[in-house]
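J.: how would this look folded up:
(2 chains)
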Protein chains: 2
Amino acid sequence: MSILVVGSVFFDSIETPHGKVERTLGGAATYFSVAASFFAAVRMVATVGEDFPKAEVDFLSQRGIDLSGVQRRSGRTGAWAGRYHEDMNQRDTLDLQLNVFADFQPELPPSHRDAQYVFLANIDPKLQAMVLDQLAAPGLVGCDTMNHWISGARGELEALLGRVGLLVINDEEARLLSGEHNVVKAARRLLAMGPKRVLIKRGEYGVIQFSAKSVFAVPAFPLEEVFDPTGAGDTFAGGLMGELARSGDVSERGLRRAIVYGSVLASFVVEDFGMARLRTLTHEAIEQRYRQFVSLTDIDGA
Amino acid sequence: MSILVVGSVFFDSIETPHGKVERTLGGAATYFSVAASFFAAVRMVATVGEDFPKAEVDFLSQRGIDLSGVQRRSGRTGAWAGRYHEDMNQRDTLDLQLNVFADFQPELPPSHRDAQYVFLANIDPKLQAMVLDQLAAPGLVGCDTMNHWISGARGELEALLGRVGLLVINDEEARLLSGEHNVVKAARRLLAMGPKRVLIKRGEYGVIQFSAKSVFAVPAFPLEEVFDPTGAGDTFAGGLMGELARSGDVSERGLRRAIVYGSVLASFVVEDFGMARLRTLTHEAIEQRYRQFVSLTDIDGA
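T.: Coordinates of the predicted model:
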């Protein structure tokens, strides 16, 4: 089954303690799509400017990503510049140029309206809702958001959550959205807002998933070096939703396996700047690290 | 097999966002011993003052803890007072009276010299070494320490680590002792100092164990309320070493199971002030939570 994602495509200029890179391909929809493309066909809904290079169009197309829902408009592609601190959980935004993304209105080609697996990456909840409005009968809807919308568009966001099956946010966002500091209480509150499952990303400590009946926690893969954390959360979501679309198994067991695949993809993307590591990643490497995750977490393992 | 522990016995006055308690039984050796006593017979090596109440002697004895290595001396038992912040990862020490603990010199009764399972709770590394010097041929030696000794007695501590099988410290201590911020690099550096295994406690994020050949990570049990984190690390170590002494299985598999039992015990102790929860804890509750840990972490579970 294919998967539809709506979100941003940006060029990122990134500085970490390990070095810097200028105008590398980024944006939530891009990280998500490339990660998901290891598992399923992807339809991307986004907007880029006239400056978006053919080489990147070719890269995305060759990965099985359908770009017919990507609007190419006059003007420039969005651009972000940021610098990570020595403690890479902290970063400063140095520059943000929304460019064509500023007045993005997602419009789905008729061919996309049958989408079953849908991911609403972090954009204005009004636009996330617009996408759902254009779908005939979506099956599993995943959704991300950020502090900006939690504070500034809470009404729209809460209305949207009633239409979402899987909320994928980080711990800081979970606290802000729920008003609860404790992760268990936060998750219970968020589940009451609509989603059947809440996945809370905890950076280097991994992910914890809550449903009404179960809790599943998986650590992040222990890496000697996190080179660049940009896009890790979107890459996680791409691996997760991609594997769900591939397997069609949205049971607790299917979700758990998909969460581990998401964690595997995220563990790779941080090994190099931007999405460089995803460009050379193989299915073999993914399966090998999946087995390492099993060994890392298996209480009865040896 | 029985287990020998050396460390502090204190009275703690604790204030958390949930309330306060005055002069409750505490100290690393006490938390450790009570937790370990659910799995094996325990021999405690420590010192208390004339004020140490018979009721607590009876409590510890009834739990199968051999107090023949506890010196009762003229003066008062050590006393600590602390206040936790709203974020309970932070606490301030309000008062510390070492009292009889100030010139504690561990002396083992001859009956204790055959100890096989030994835990050196957080005290001066000189005293930790004194205990090892009195043992005939210890099998598995576990060891904790703290920032105070890492900064102030590094030479003694590093010498001690060559005699330790299992180092059990928290992430902040691991960073300070290794000089590495990254947890994987820190663990590799610590393994090179001698211990066969390094267990790093990460508070609400659980524990990660490193050996030369394997890594095992287990999350903390997700609790809606952490009432009082005092003693959680020592309780973890007690459950861990207790289960190892019970099973006699120090293979990777045995260690993993023991780490989960340690995590189970730690998840209980924080549910109430001091060690109140351990006083009412049952084997049935321990086994039930162990099964919950399996379900929490099992990738192929449902």
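J.: not counting its neighbours along the chain, what's nearest residue A:204?
T.: Nearest in space to residue A:204, with sequence neighbours left out and distances taken as CB to CB, 6 or more residues apart in numbering or on different chains, is residue A:220 at 5.2 Å. (Glycine included, C-beta is placed from N, CA and C.)
J.: write out the residues of chain A neighbouring chain B.
T.: Residues of chain A lying near chain B by CB under 8 Å from any CB of the partner chain: A:86-87, A:181-185, A:188, A:202, A:204-206, A:208, A:214-219, A:222-226, A:251-253, A:256-257, A:260, A:293-302.
J.: what's the burial count for the residue of the stretch 51-200 of chain A found nearest chain B?
T.: For the stretch 51-200 of chain A and chain B, the shortest gap (CB to the nearest CB) falls at residue A:184, measuring 4.6 Å. Residue A:184: 17 surrounding residues under other CB atoms under 10 Å in any protein chain shown.
J.: what packs against the host helix or strand of it?
T.: With secondary structure defined by DSSP states H and E, residue A:184 is part of helix A:183-192. The helices and strands touching helix A:183-192, judged by 3 or more CB pairs under 8 Å, 6 or more residues apart in numbering or on different chains; DSSP states H and E, are helix A:171-178, strand A:197-201, strand A:207-211.
J.: now do that helix, average pLDDT.
T.: For helix A:183-192, mean pLDDT is 98.
J.: before we move on, the earlier item: ok, the residue nearest to residue A:204 - contacts?
T.: A:202-207, A:263, A:266-267 (CB atoms under 8 Å, 6 or more residues apart in numbering or on different chains).
J.: and the residues of chain A next to chain B, which of them are buried?
T.: A:182-185, A:188, A:202, A:204-206, A:208, A:215-219, A:222-223, A:226, A:252-253, A:256-257, A:260, A:293, A:296-299 (16 or more other CB atoms under 10 Å in any protein chain shown).
J.: restricted to helices, list those residues.
T.: Residues of these located in helices (DSSP state H): A:183-185, A:188, A:252-253, A:256-257, A:260, A:293, A:296-297.
J.: for the residue nearest to residue A:187 when sequence neighbours are not counted, what are its contacts?
T.: Leaving aside its sequence neighbours, residue A:187 sits nearest to residue A:210 (CB to CB, 6+ apart; 3.8 Å). Contact analysis of residue A:210 by CB under 8 Å, 6+ apart lists A:184, A:187-188, A:190-191, A:197-200.
J.: low-confidence ranges, the stretch 201-302 of chain A, go.
T.: Applying pLDDT under 70 to the stretch 201-302 of chain A flags residues A:302.
J.: would you map the strands across it?
T.: Under the criterion DSSP state E, counting those that start in this stretch, the stretch 201-302 of chain A contains strands at A:207-211, A:215-218.
J.: of all these, which one is nearest residue A:105?
T.: Closest to residue A:105 of these is strand A:207-211 (CB to CB; 32.1 Å).
J.: and the angle for the closest one with helix A:183-192?
T.: With axes from the mean of the first three to the mean of the last three CA atoms, to 10 degrees defining the directions, strand A:207-211 sits at 50 degrees from helix A:183-192.
J.: could you list the paired strands of strand A:207-211 along with their orientation?
T.: strand A:197-201 (antiparallel), strand A:215-218 (antiparallel) (DSSP bridges).
J.: other residues contacting the shortest one?
T.: Spelled out, it's strand A:215-218. A:184, A:206-209, A:252, A:255-256, A:259-260, A:263, A:293, A:297, B:206, B:219, B:222, B:296-297, B:299, B:301.
J.: quick check, residue A:131 in a helix?
T.: Yes: according to DSSP: H, G, I helix; E, B strand; the rest coil, the state of residue A:131 is that of a helix.
J.: residues contacting it?
T.: Taking CB under 8 Å, 6+ apart, one finds A:4, A:6, A:45, A:106, A:108, A:118, A:120 in contact with residue A:131.
J.: now, the most widely separated pair of those?
T.: Top of the distance list for the contacts of residue A:131 (CB to CB): A:108 and A:120, 12.6 Å.
J.: looking only at neighbour counts, state which of these two leads.
T.: Using other CB under 10 Å, the more surrounded residue of residue A:108 and residue A:120 is residue A:120, with 29 against 19.
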